[in-house]
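Asks: The following block contains a protein sequence and its predicted model.
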Amino acid sequence: MRIAMIGTGYVGLVSGACFADFGHRVACVDKDASKIDGLNDGVMPIWEPGLEALVKANVERKRLSFTTDVAEAVRDAEAVFIAVGTPARRGDGHADLTFVFEAVRELAPAMKPGTVVVTKSTVPVGTGDRIEAILKEEGVTDVSVASNPEFLREGAAIADFKHPDRIVVGAEDDRAQDVMREIYRPLFLNRAPILITGRRTAELTKYAANAFLAVKISFINEIADLCEAVDADVQDVARGIGLDNRIGAKFLHAGPGYGGSCFPKDTLALLQTADEAGVDQRIVRTTVEVNDDRKQAMVERVSRALGGELAGKRVAILGLAFKPNTDDMREAPSIPLVEGLIERGASVAAFDPVAREQAEKVLSGVEFADDAYAAADGADALVIVTEWDEFRALDLERIAASLRGKILVDLRNVYDRTDAEEAGLTYYGIGRGRPRNA
Ligand code: NAD
């Protein structure tokens, strides 16, 4: 199949490279010329494990190309995927569809008759209908629009794309269904379930999935707070409930609250859709509140560990990206934490294995260290914010020796209390009881 991918960000680039790897011919388009120039020189715009090699291999096979020219990419395509950003609109949290509609207007004049237009971006219910209307307005007579929401996780994006739990396709006509089945045939042969639904249903499925996962995270975070108050261990509670197949162990890790480019904006957008439909979604609304409060509360947690005073203290932060294996800083819990610490008079030294460049764009007043030990040097407390693998096996005695304050605030429950205490640290985890040596 010949495919055009409009938007070459996390989703567009990974999807484009994987489709090319399946054997399709993919032209990836982005309006950001520096991204396209970089890709044509073999430079990845994002940090994602395995991506560079996958892109390189498929460029060499001449199945994957990059351009800023929409018309050139779309001209021969049997399917055009839209994978542009749909950020939360300032003020009301509605999904901002400006980029999506702009892309549709740009691609319409170049499309050959019968091309299927597919939204891979996360878009509110009814967006497919609006795209259909725009295409007609732009003079496209033979219109076919499908929804194909993406469920990949940054940091494991290629594996997720190639081994999905399911593929959801919302298509109202046979042609769209046939084209989508053909595109995903390699996965279908691998027995990945393909779920064909109505277009509106597919659009909503993506929001329902993200909202449910956000609920799960916020649920265990609240249970963690309760564990702290009653001296129970949330790790064991999570395991105790997660082994129940009806519940499942994933997304039951207590922590500093969810961030990233999806959950925060998608939960808000779902609430907007619900408002417009006149249907209250109390669980999701509360989840958003619980998570916002939690992210803000992490400053107070660090302050408590430091005896209630942050002014003049030096805090070392390990991990800035919103999760490991990515350099994505969007809505990262590290942002309100670092800002809050600095606002309350602390100085911050931070280390992240890959997100420094992105972090420098959104955080000011931070001293960036070259590794975990350098960050810890002379600090009053060390705070683990993102659970990168390399933070799981730190030499705790060396950390304790470097620190001035011997305090470890482990917002990801990476360490065992006993190990930390034996190394001479006072350990504050999440939902795991009180320090024994405070
Ligand atoms: P991104 O910001 O990384 O990439 C979007 C790209 O689209 C940018 O490079 C931008 O320059 C480009 N673009 C915007 N308008 C364009 C136009 N008219 N023509 C060509 N290029 C254009 O965004 P992302 O993280 O890849 O997310 C894209 C969509 O996928 C969003 O709707 C998001 O919610 C959804 N999604 C993201 C993830 C994820 O993990 N990041 C997972 C599933 C779904």
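Replies: Arrived safely, thanks for sending.
Asks: In contact with the closest residue to the ligand within the stretch 251-400 of the chain: list those residues for me.
Replies: In the stretch 251-400 of the chain, the residue found nearest to the ligand is Ser261; the distance is 4.6 Å by CB to the nearest ligand atom. Where C-beta positions appear, they are placed from N, C-alpha and C, glycine not excepted. By CB atoms under 8 Å, 6 or more residues apart in numbering, Ser261 lies in contact with Tyr10, Glu154, Phe322, Asp328, Arg330, Glu331.
Asks: For Asp328, see how far away it is.
Replies: Going from Ser261 to Asp328 by CB to CB, to the nearest Å gives 6 Å.
Asks: Can you classify Arg90 by secondary structure?
Replies: Using DSSP: H, G, I helix; E, B strand; the rest coil, the secondary structure recorded for Arg90 is coil.
Asks: can you pull out the strands in this protein?
Replies: Counting by DSSP state E, the chain has strands at residues 2-6, 25-29, 64-67, 79-82, 116-119, 144-147, 167-171, 194-197, 314-318, 347-351, 366-368, 381-384, 407-410, 426-428.
Asks: Wait, Arg404 touches Gly378, no?
Replies: Yes: when contacts are counted by CB atoms under 8 Å, Arg404 is listed as touching Gly378 (5.4 Å).
Asks: list residues touching both of those two?
Replies: Residues within reach of Arg404 and of Gly378 at once, by CB under 8 Å, 6+ apart, are Arg314.
Asks: one step back: save the strands of the chain as TSV, and put in mean neighbour count too.
Replies: TSV is the format used below for the strands of the chain (neighbours: other CB atoms under 10 Å):
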stretch	mean neighbour count
strand 2-6	26
strand 25-29	25
strand 64-67	22
strand 79-82	26
strand 116-119	28
strand 144-147	26
strand 167-171	23
strand 194-197	15
strand 314-318	28
strand 347-351	21
strand 366-368	17
strand 381-384	27
strand 407-410	26
strand 426-428	23
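Asks: Let me have those in TSV, extended by distance to Met298 and mean pLDDT.
Replies: Formatted as TSV, these follow (distance: least, CB to CB, whole Å; pLDDT from 0 to 100):
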stretch	distance to Met298	mean pLDDT
strand 2-6	37	98
strand 25-29	38	98
strand 64-67	39	98
strand 79-82	36	98
strand 116-119	35	98
strand 144-147	36	98
strand 167-171	34	98
strand 194-197	38	96
strand 314-318	11	98
strand 347-351	13	98
strand 366-368	16	98
strand 381-384	8	98
strand 407-410	9	98
strand 426-428	11	97
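Asks: Any chance of those strands in a markdown table with distance to the ligand as columns?
Replies: Below are those laid out as a markdown table (distance: least, CB to the nearest ligand atom, whole Å):
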| stretch | distance to the ligand |
| --- | --- |
| strand 2-6 | 5 |
| strand 25-29 | 5 |
| strand 64-67 | 10 |
| strand 79-82 | 8 |
| strand 116-119 | 8 |
| strand 144-147 | 12 |
| strand 167-171 | 12 |
| strand 194-197 | 16 |
| strand 314-318 | 23 |
| strand 347-351 | 23 |
| strand 366-368 | 23 |
| strand 381-384 | 23 |
| strand 407-410 | 26 |
| strand 426-428 | 30 |
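Asks: Which members of the contacts of Ser261 are classed as buried?
Replies: The neighbour count (16 or more other CB atoms under 10 Å) marks Tyr10, Glu154, Phe322, Asp328, Arg330, Glu331 as buried among the contacts of Ser261.
Asks: What about these, which are in helices?
Replies: Counting by DSSP state H, those place Tyr10 in helices.
Asks: near the ligand, from the buried ones among the contacts of Ser261?
Replies: Tyr10, Glu154 (CB under 6 Å from any ligand atom).
Asks: Quick check: residues of the stretch 101-250 of the chain near the ligand?
Replies: Glu102, Ala103, Glu106, Ser121, Thr122, Glu150, Leu152, Glu154.
Asks: Which ChimeraX command selects the buried ones in the residues you listed?
Replies: Buried members of these, defined by 16+ other CB under 10 Å, are picked up in ChimeraX with:
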select :103,106,121,122,150,152,154
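Asks: Thank you kindly, that will do.
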